[in-house]
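# coords below, sequence missing:
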């Protein structure tokens, strides 16, 4: 049982990590909470449904188009909604409220165009998982866990070695100084949304295969993804992924002993403890108030 | 600004607030609307969230029922004006929209809520304001005899849980595991089932999950370890039943399954998951396909919306809730208190769901029948 619950926790953690990675990446440069990230995931999942199930395209092509639309939706939200707000020097709280509004609008659009019933993508027909001794896991779940780790490595390398990644880190560290040396913060914001939302599109494809698609899935995913980011350190992608795995494991091991009705309570107690005792997260560092 | 001015302003503001509260205080006196314009009737349905999978089509059935009444001349020449609000299958939301219907729209009758959690939250407000609340879908046993202002055209789960417990015992199952969504409806179903099952010498174990969950693997592992004879998927929305069934398959737990009525009622979902749900048992309020009024609502739904109604067993009771309210409005006028009394006095009212008799406790007389999934179709058990 221990090993199976460990695996269950890792699978849950990997899904949270896919959500948290893009969210943290966007937060680290722009410094505001983009709750609509969950909505981008949900809408991308519906795009997969549209291209694959409704239009009958090849699955891999449909998946690529869904990921591309995730990226486009994310950039569009930034350019059409957040950018005008930033120009008017709106505070991060105003942008946060706007992002919640965008999340609600995206969910309503899903409901309007695709209806309230659950959609499933019948590409993989998994009847039963693979047994490894006492552990049962499906190939898709193995793929989700492995690819979330590879994604983390790729984002890490991109941020460390690519020109844009370095510029993103510069803006994240100190926006004014970065602008003085000639980095356009607006351009970097657009890049952050493009890459963060690309990850959202990728997450959408895997989550649609694993959990089916419904209009309000974005909010549920965002709550867990946000919690994971706070636990791990909201300004770091690595922290977000680490927090996601910790959260997945804590929830599943928690309800092994506690009644399972406490599953969400476990997540929120951890969130609360971190906000209270270590608001900078596991990998975050305290900033001095110079 | 001097201190005196501040004080004067403060006092004026306080007087305005008290005056406003007094002016807009809830009207608790019973009023019969004697106007000539349209008659407002309220409705509460879960139009968003997971339960929207039946809330949306049922909203369409509501609109169709009201249109039918208006086309037939309305209530003595006055058309009905439906004000449909979203209760989100959530008590808090339902209480908010119920307040709005009562205080802003001044309705005397509300069709709703749909989810038991919606109705449980709306009943106190209905009672306080003497508004009649009639539900076409709430089935929690906690609603039985809750108020003289509440009635329902769908039977209580007291019968759903009871006959499922008896069927489970007859199948020789001694221990039934429950995976239960945290909702009033599902909890009510669990309570009735376990009580009856224990009386018969059986035993139940339970794990819960929050609404909108999508990962049930650890709950399933825990229940699998209890070595139960069957698993009851006690969900409020078919979305979670579908994922639980899928994850049962993934985790290789081949166990007999029992389903709650929103799940077995979703014929499309059952068909889609036929390989996991084959042989699953559930209970629902039955339909009589030979009833001409039942055939009529299926026909006009298809004509109006271009598709088959997904939950015919719910559509019939909801349609009847509106139809009997319309007859009540004709008989006693737009008055919540009189409507509530009138409906309890009807003994031979017949609608799409057959003969509809509401007992003094507000429950529909009659009950559920057991169904089973066979080759992806839901058929009568035995």
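All right, it came through fine. Please read all numbers here as calculations on a predicted model, not as lab measurements. Numbering: from 1, shown residues only, chains lettered A, B, ... in the order given.
# so who does the residue lying closest to residue B:217 once chain neighbours are set aside touch?
In space, and not counting its chain neighbours, residue B:217 is closest to residue A:8: 4.3 Å by C-beta to C-beta, 6 or more residues apart in numbering or on different chains. C-beta here means a position set from N, CA and C on the backbone, and glycine is covered the same way. Contact analysis of residue A:8 by C-beta atoms under 8 Å, 6 or more residues apart in numbering or on different chains lists A:252, B:215, B:217-218, B:221.
# just the residues you listed now: which is nearest residue B:344?
residue B:215 (45.5 Å; C-beta to C-beta).
# strands of chain A, residue ranges please.
Using DSSP state E, the strands of chain A run over A:130-132, A:135-137.
# what sits against residue 47?
Assuming you mean chain A. Applying C-beta under 8 Å, 6+ apart to residue A:47 gives the contacts A:65-66, A:69-70, A:204.
# think we crossed wires, I meant chain B
Counting by C-beta under 8 Å, 6+ apart, residue B:47 makes contact with B:55-56, B:59, B:84, B:86-88.
# sort out which of these are in helices and list them.
B:55-56, B:59 (DSSP state H).
# neighbour-wise, which one of those leads?
Tallying neighbours with other C-beta atoms under 10 Å in any protein chain shown puts residue B:55 at the head of the ones in helices among the contacts of residue B:47, with 26 neighbours.
# just give me the neighbour total for the closest residue to that one other than its chain neighbours.
Of all residues not flanking residue B:55 in the chain, residue B:46 sits nearest, at 3.6 Å (C-beta to C-beta, 6+ apart). By other C-beta under 10 Å, 31 other residues sit near residue B:46.
# quick check: residue B:46 touching residue B:89?
Yes. Counting by C-beta atoms under 8 Å, residue B:89 is a contact partner of residue B:46 at 3.9 Å.
# quickly list what's touching both of these two.
Common neighbours of residue B:46 and residue B:89 (C-beta under 8 Å, 6+ apart) are B:55, B:114-115, B:118.
# any idea which of those residues is the one closest to chain A?
The closest of the shared contacts of residue B:46 and residue B:89 to chain A turns out to be residue B:55 (C-beta to the nearest C-beta; 6.9 Å).
# list the contacts of the closest one.
By C-beta under 8 Å, 6+ apart, the contact set of residue B:55 is A:116, B:45-49, B:86, B:89, B:114.
# can you do 10 Å?
Each residue near residue B:55 by C-beta atoms under 10 Å, 6 or more residues apart in numbering or on different chains is listed here: A:116, B:44-49, B:86-89, B:113-115, B:118, B:137, B:237.
# next one: residue A:50
A:57, A:62, A:65-66, A:69, A:113-114, A:119.
# can I have the buried ones of these as a ChimeraX selection?
Those of the contacts of residue A:50 that count as buried under 16 or more other C-beta atoms under 10 Å in any protein chain shown are selected in ChimeraX with:
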select /A:57,62,65,66,69,114,119
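# just say helix, strand or coil for the closest residue to residue B:187 other than its chain neighbours.
Nearest residue to residue B:187 in three dimensions, chain neighbours excluded: residue B:180, at 6.9 Å (C-beta to C-beta, 6+ apart). Following DSSP: H, G, I helix; E, B strand; the rest coil, residue B:180 is assigned to strand.
# I figured residue B:180 hits residue B:231, correct?
No. With contact defined as C-beta atoms under 10 Å, residue B:180 does not count as touching residue B:231 (11.0 Å).
# before we move on, back to that, take the contacts of residue A:47 and keep only those in helices.
Among these, the ones falling in helices (DSSP H) are A:65-66, A:69-70, A:204.
# just send those back as TSV, with pLDDT and distance to residue B:380 too.
As requested, the ones in helices among the contacts of residue A:47 are exported to TSV (pLDDT from 0 to 100; distance: C-beta to C-beta, whole Å):
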residue	pLDDT	distance to residue B:380
A:65	96	45
A:66	96	42
A:69	96	46
A:70	96	46
A:204	95	41
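# so where is chain B shaky, pLDDT-wise?
Filtered on pLDDT under 70, chain B yields the residue ranges B:1, B:22-34.
# which parts of it are helices?
Secondary structure of chain B (DSSP H): helices located at B:3-23, B:52-71, B:91-103, B:116-128, B:157-170, B:184-199, B:217-224, B:238-250, B:261-265, B:267-272, B:274-277, B:292-305, B:312-332, B:336-345.
# and the angle from the third one to helix B:184-199?
Compare the direction of helix B:91-103 with that of helix B:184-199 by axes from the mean of the first three to the mean of the last three C-alpha atoms, to 10 degrees and you get 120 degrees.
# packing partners of helix B:91-103?
Contacts defined by 3 or more C-beta pairs under 10 Å, 6 or more residues apart in numbering or on different chains; DSSP states H and E place helix B:91-103 against strand B:39-45, strand B:80-86, strand B:109-111, helix B:116-128.
# contacts only, for residue 233.
You didn't pick a chain, so chain A it is. A:24, A:28, A:239-240, A:242-243, A:274, A:278-285.
# not what I meant, chain B
Applying C-beta under 10 Å, 6+ apart to residue B:233 gives the contacts B:177-181, B:186, B:216, B:240-245, B:248, B:257-260, B:263-264, B:277, B:280, B:282.
# buried members of those into PyMOL, please.
Typed into PyMOL, the line below selects the buried ones among these, using 16+ other C-beta under 10 Å:
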select buried, chain B and resi 177+178+179+180+181+186+216+240+241+242+243+244+245+248+257+258+259+260+263+264+277+280+282
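# quick check: closest non-adjacent residue to the closest residue to chain A within the stretch 151-300 of chain B.
The nearest approach of the stretch 151-300 of chain B to chain A comes at residue B:208, 3.8 Å away (C-beta to the nearest C-beta). In this structure, residue B:208 finds its nearest non-sequential neighbour in residue A:261, 3.8 Å apart by C-beta to C-beta, 6+ apart.
# distance of that neighbour from residue B:194?
With distances taken as C-beta to C-beta, to the nearest Å, residue A:261 is found 16 Å from residue B:194.
# and residue A:72, by the same measure?
For residue A:72, the distance to residue B:194 - C-beta to C-beta - is 51 Å.
# so for these two, which residue has more residues nearby?
residue B:194 (20 against 17).
# what sits closest to residue B:325 if chain neighbours are left out?
Sequence neighbours aside, residue B:109 is the residue nearest to residue B:325 in space, at 5.6 Å (criterion: C-beta to C-beta, 6+ apart).
# how many neighbouring residues does that neighbour have?
Neighbours of residue B:109 (other C-beta under 10 Å): 28.
# next one: it relative to chain A, how far apart?
Per C-beta to the nearest C-beta, to the nearest Å, residue B:109 is found 26 Å from chain A.
# which residues touch that residue?
The contact partners of residue B:109, taken as C-beta under 10 Å, 6+ apart, are B:39-43, B:80, B:101, B:126, B:131-134, B:149, B:321-322, B:325-326, B:328-329, B:334-336, B:339-340.
# can you pull the contacts of the closest residue in space to residue A:65 that isn't next to it in sequence?
Nearest residue to residue A:65, sequence neighbours excluded (C-beta to C-beta, 6+ apart): residue A:51, at 4.9 Å. By C-beta under 10 Å, 6+ apart, residue A:51 lies in contact with A:57-59, A:61-66, A:69.
# swap in residue B:219?
Here residue B:219 is in contact with A:8, A:252, A:255, A:260-261, A:263, B:177, B:179-180, B:206-209, B:213, B:244, B:247 (C-beta under 10 Å, 6+ apart).
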